[in-house]
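> the sequence isn't on hand, but the structure is:
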């Protein structure tokens, strides 16, 4: 585990030494603060709109950070050839995969904490209401969802040659799952066989990332799922992440690294 | 004498580029043995199979046939690389890290005890004369400085075997002298050094034994002094003769 954490440390250092995270955070902060300074339509409940937009920006920023950062990890190691001095040490390829996953996932967690701290400050000061357990559950669920995203992108990074094509494909897949995932079973009912079975199979196969989206609960101050449900959701995400990481290792262990 | 590095009937094949299904033999039936405390020169023209052999030893490429061992452990096991240091031909390091951070990262990989890490980093940065730049990101370093960071990282685990791939390539005379001094120092400490180089004068100076390969096959292996006696010539002339260089053809 020491090697995995050492690798993860390098990934995290890379994140906070690049500009991506700061740009996204400043964008989110500026847009939210601008909205907060305007009273739309003299609506007393404008704070909900601000919370909604701020959470949407946090979701988008977290996805952008997770996908772009993860997509470049292994290809950059190969392109810059840093993989050679690394693998010349007692480091196995499975440790490289796990280290990259841990680094990207922890970095996403760190970014989420900063974003949510800002969100909690904005929402708390406006509403004089601090439901910390609710916020903790929201952060936790989003972070576990990002674990699945990071694993998926990591798999893409050993399959597709260019990080840009991997990132684009992953963005499309993730957006597709988030927007259409919950409707696939309804769609299946309307189809004739064998398409019905195919769509049903797809419904049960894709990781339902939309289940982790609890923005609506947070915005409308509705109670979030209980700790048991959060635990089950965590197991669900962990299972998908494990399967995707195993697939990544299967592809990566055979990958030629000719100099 | 303990065998530190060994290849047994090593064979490496690749898919040939631009020809469907054809295979290219990069290394063919290579048998090498390097004993403890030896400085071993691994020589050959470009494309002879030196780097491929090193890639197998370092676990980057799997052998098609035969086996390779470091300290008696098959190179397929990552633990075989616990006691080695590797310096690649060109510098390939995380440019956003400082020299100190890079060395700390590799020390952690080798599980160097925490109490020793700081002391070892100080010693190595002093050895490669980078103390003044230890807090600067590697991306701000000159080529020579980056090569010296490479040397420091290769020594971070106090290795018993050092694998150097053309260590003086691209270095100025001072840098070459420094590398040569370090190899001599390691030799005097009883360490084993396995290195490839095109600087045959340098090889003649520092190596105990050499192997010359051409087109993937081992052509000659022996002690440097014995080869010089046998051929009544310097190492460069011996090398050219063995690889079949014909001056009259070159003149045309």
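Here it is on my side, so go on. Computed from a predicted structure; not experimentally measured.

> among the helices and strands of chain A, which has the poorest mean pLDDT?
Taking mean pLDDT, DSSP states H and E as the measure, helix A:20-36 is the helix or strand of chain A with the lowest mean score, a mean of 82.

> if you count neighbours, what's buried in that one?
By 16 or more other Cβ atoms under 10 Å in any protein chain shown, the buried positions in helix A:20-36 come out as A:21, A:24, A:25, A:28, A:29, A:32, A:35, A:36. Just so you know, the C-beta spots here come from the backbone N, C-alpha and C atoms, and that holds for glycine as well.

> what's stretch A:228-240 in contact with?
Residues outside stretch A:228-240 that contact it (Cβ atoms under 8 Å, 6 or more residues apart in numbering or on different chains): A:137, A:140-141, A:144-145, A:147-148, A:151, A:207-208, A:211-212, A:224-225.

> chain A against chain B: which residues are in contact?
Contact residues, chain A versus chain B (Cβ under 8 Å from any Cβ of the partner chain): A:2-3, A:6, A:9-10, A:13-14, A:17-18, A:80-85, A:87-92, A:95, A:256-259.

> now do the least confident helix or strand of chain A: which elements does it pack against?
helix A:46-79, helix A:93-127 (3 or more Cβ pairs under 8 Å, 6 or more residues apart in numbering or on different chains; DSSP states H and E).

> and the angle for the longest one with helix A:20-36?
Put plainly, it is helix A:93-127. 20 degrees (axes from the mean of the first three to the mean of the last three Cα atoms, to 10 degrees).

> which SSE is immediately downstream of helix A:93-127?
Using DSSP states H and E, the next helix or strand after helix A:93-127 towards the C-terminus is helix A:132-159.

> what's the following helix or strand after that following helix?
Next element after helix A:132-159 (DSSP H and E): helix A:163-180.

> mean confidence score for that following helix?
Across helix A:163-180, pLDDT averages out at 91.

> got the contact list for that helix?
A:63, A:67-68, A:71-72, A:75-76, A:149, A:152-153, A:156-157, A:159-160, A:206-210, A:213.

> now those residues: which count as buried?
Buried among these (16+ other Cβ under 10 Å): A:63, A:67-68, A:71-72, A:75-76, A:149, A:152-153, A:156-157, A:160, A:206-209, A:213.

> now the helices for chain B?
Secondary structure of chain B (DSSP state H): helices located at B:50-57, B:99-109, B:114-127, B:143-154, B:173-188, B:200-206, B:224-231, B:235-242, B:247-251.

> now the residue in the stretch 101-250 of chain A that chain B sits nearest to, nearest residue through space, not along the chain?
Going by Cβ to the nearest Cβ, chain B is nearest to residue A:103 of the stretch 101-250 of chain A, at 11.9 Å. In this structure, residue A:103 finds its nearest non-sequential neighbour in residue A:11, 2.5 Å apart by Cβ to Cβ, 6 or more residues apart in numbering or on different chains.

> how close does the one you found get to residue B:117?
21 Å (Cβ to Cβ, to the nearest Å).

> more crowded one of the two?
Comparing residue A:11 with residue B:117 by other Cβ atoms under 10 Å in any protein chain shown, the one with more neighbours is residue A:11, at 21 against 16.

> elements contacting the helix or strand where that one lies?
Counting by DSSP H and E, the element that carries residue A:11 is helix A:2-17. Using 3+ Cβ pairs under 8 Å, 6+ apart as the contact test, the elements touching helix A:2-17 are helix A:46-79, helix A:93-127, helix B:99-109.

> what comes into contact with that helix?
Residues contacting helix A:2-17 (Cβ under 8 Å, 6+ apart): A:21, A:65, A:69, A:73, A:90-91, A:95-96, A:98-100, A:102-104, A:106-107, A:110-111, B:94, B:96-97, B:101, B:105, B:108-109, B:111.

> what about the residue in the stretch 151-252 of chain B that chain A sits nearest to, how many residues nearby?
With Cβ to the nearest Cβ as the measure, residue B:153 is the residue of the stretch 151-252 of chain B nearest to chain A, at 6.6 Å. Residue B:153: 25 surrounding residues under other Cβ under 10 Å.

> touching, it and residue B:104? I think so.
No - assessed by Cβ atoms under 8 Å, residue B:153 is found out of contact with residue B:104, at 10.5 Å.

> now the common contact residues for the two.
By Cβ under 8 Å, 6+ apart, no residue touches both residue B:153 and residue B:104.

> quick one: low-confidence parts of the chain?
Going with chain A. Scanning chain A for pLDDT under 70 picks out the ranges A:38-44, A:258-259.

> sorry, should have said chain B
B:17-21, B:247-252.

> let's check: the centremost residue of it is which one?
residue B:164 (2.1 Å; Cα atoms, centre = their mean).

> not counting sequence-adjacent ones, nearest residue to that one?
residue B:195 (3.7 Å).

> you'd agree that neighbour is up against residue B:169?
No - look at residue B:195 against residue B:169 with Cβ under 8 Å: they stay out of range, at 11.0 Å.

> look at these two and report which has more neighbours.
Taking neighbours as other Cβ under 10 Å, residue B:195 and residue B:169 compare with residue B:195 leading, 25 against 14.

> residue A:102 versus that one, what's the distance?
For residue B:195, the distance to residue A:102 equals 35 Å [Cβ to Cβ].

> with residue B:36 instead?
For residue B:36, the distance to residue A:102 - Cβ to Cβ - is 38 Å.

> more neighbours: the two, which one.
When residue B:36 and residue A:102 are compared for neighbours, residue A:102 comes out ahead with 20 against 15, by other Cβ under 10 Å.

> gap between that one and residue A:190?
Taken as Cβ to Cβ, the span from residue A:102 to residue A:190 is 42 Å.

> tell me how far stretch A:152-162 lies from the chain's centre.
Mean-position distance between stretch A:152-162 and its chain equals 15 Å (Cα atoms, centre = their mean, to the nearest Å).

> any idea how many residues pack against residue B:220?
Neighbour tally, residue B:220, other Cβ under 10 Å: 18.

> just the one 4 residues further on next, same as before
Taking other Cβ under 10 Å as the criterion, the count of residues near residue B:224 is 19.

> list the contacts for it?
B:41, B:203, B:204, B:207, B:208, B:209, B:210, B:235.

> quick one: the first one and residue A:82, what's the gap?
If I follow you right, that is residue B:41. Distance from residue B:41 to residue A:82, by Cβ to Cβ: 27 Å.

> try the third one
When distance is defined by Cβ to Cβ, residue B:204 is 33 Å away from residue A:82.

> nearest spatial neighbour of the residue in the stretch 151-259 of chain A that chain B sits nearest to, skipping sequence neighbours?
When scored by Cβ to the nearest Cβ, the stretch 151-259 of chain A has residue A:257 as its residue closest to chain B, at 4.8 Å. Closest residue to residue A:257 apart from its sequence neighbours, by Cβ to Cβ, 6+ apart: residue B:60 at 4.8 Å.

> that neighbour reaches residue A:85, doesn't it?
No - using Cβ under 8 Å, residue B:60 is not in contact with residue A:85; the gap is 10.7 Å.

> between those two, tell me which one has more neighbours.
Between residue B:60 and residue A:85, residue A:85 has the larger neighbour count (other Cβ under 10 Å), namely 23 against 19.

> what residues does the strand or helix carrying that one touch?
Assigned by DSSP H and E, residue A:85 falls within helix A:83-87. For helix A:83-87, the external contacting residues (Cβ under 8 Å, 6+ apart) are A:74, A:77, A:93, A:96, A:257, A:259, B:58-60, B:86, B:88, B:92-93, B:106, B:150, B:153.

> that one: how far from the chain's middle?
28 Å.

> how about the helices in the stretch 151-259 of chain A?
A:163-180, A:184-189, A:195-205, A:215-219, A:227-252 (DSSP state H, counting those that start in this stretch).
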